[in-house]
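**Q** mind looking at a prediction? Sequence and model below.
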Amino acid sequence: SDLLTGGVLLGAIFMATDYATTPVTFIGKVIFGIGCGLITFIIRYFSSSYTEGVSFAILLMNIITPYIDMIAKPKALGAKKAKKEEVKA
């Protein structure tokens, strides 16, 4: 019953989908969504006095969005890993 009420819907529809603060790639968005859900669950389950963890979860995930983008960055088509040349002494 608490899943589809108040701050959860506001956070899920308007706050978590902001283009400026969410990851760019599909994999990044999946990681972002799972992270938001997990942090929301942890805050709501372990805090008896504070029930709205959605906004804090979104803020925390927005902080690590650049790192999610670095992890989920797609490889360029046809790109090969550069080989390091050995230094001759």
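**A** Now that the structure is in, tell me what you want to look at. Numbering: from 1, shown residues only.

**Q** worst-scoring helix or strand of this protein, pLDDT-wise?
**A** Counting by mean pLDDT, DSSP states H and E, the weakest-scoring helix or strand in the chain turns out to be helix 6-10, with a mean of 74.

**Q** helices of this protein, start to end?
**A** 6-10, 26-46, 54-63, 65-71 (DSSP state H).

**Q** can I get the ones you listed in CSV with mean neighbour count and distance to residue 77?
**A** C-beta: built from backbone N, CA, C; applies to glycine. Listed next are these as CSV, based on neighbours: other CB atoms under 10 Å; distance: least, CB to CB, whole Å:
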stretch, mean neighbour count, distance to residue 77
helix 6-10, 14, 39
helix 26-46, 16, 16
helix 54-63, 18, 29
helix 65-71, 14, 19
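
**Q** export those to JSON lines and tack on distance to residue 80?
**A** Listed next are the helices of the chain as JSON lines, based on distance: least, CB to CB, whole Å:
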{"stretch": "helix 6-10", "distance to residue 80": "45"}
{"stretch": "helix 26-46", "distance to residue 80": "22"}
{"stretch": "helix 54-63", "distance to residue 80": "33"}
{"stretch": "helix 65-71", "distance to residue 80": "20"}
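
**Q** what's the spatially most central residue of the chain in contact with, if anything?
**A** In the chain, the C-alpha nearest the mean C-alpha coordinate belongs to residue 32, at 2.2 Å (CA atoms, centre = their mean). Residue 32 makes contact with 16, 22, 23, 61, 65, 68 under the criterion CB atoms under 8 Å, 6 or more residues apart in numbering.
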